[in-house]
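Q: Predicted model and sequence below, questions to follow.
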Amino acid sequence: MSRKRDEIITYDIPLWNKPIMSVAEAAMYTGLSANKIYEMTSDEKCPFAIWVGSRRVIKRKSFEKYLERQYSI
């Protein structure tokens, strides 16, 4: 089996099995808007956001725990 060097391999992993999600995936997963998630993750002390260079990603389990503790967002 030969592969082209520039070929990108993608995997279809359900969101509930991914340990880290993009902001768009987190929005789909929770039903919150991407803008709201960006607003929530703007704080440097956000417990569920990780910065990978200039890209922010969401730690799914930490985000779920955070949402469970909130009365309103």
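A: Okay, I see it.
Q: looking only at pLDDT, what's the mean for the longest helix seen in the chain?
A: Criterion DSSP state H: the longest helix present in the chain is helix 60-69. Regarding helix 60-69, the rounded mean pLDDT is 95.
Q: and what of stretch 39-52?
A: Taken as a whole, stretch 39-52 has an average pLDDT of 92.
Q: Just the C-alpha atoms of that stretch, please, in CSV.
A: Provided in CSV are the C-alpha atoms of stretch 39-52 (Å, rounded to 0.1, in the frame of the first residue of the first chain):
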residue,chain,number,x,y,z
GLU,A,39,-15.6,34.4,25.6
MET,A,40,-15.3,31.8,28.4
THR,A,41,-11.8,30.7,27.3
SER,A,42,-10.4,34.2,27.0
ASP,A,43,-9.5,34.3,30.7
GLU,A,44,-5.9,33.1,31.3
LYS,A,45,-7.0,31.0,34.3
CYS,A,46,-9.7,29.1,32.4
PRO,A,47,-9.5,25.5,33.7
PHE,A,48,-10.6,23.7,30.5
ALA,A,49,-8.7,25.6,27.8
ILE,A,50,-5.3,24.8,26.4
TRP,A,51,-3.4,26.9,23.9
VAL,A,52,-1.5,25.1,21.2
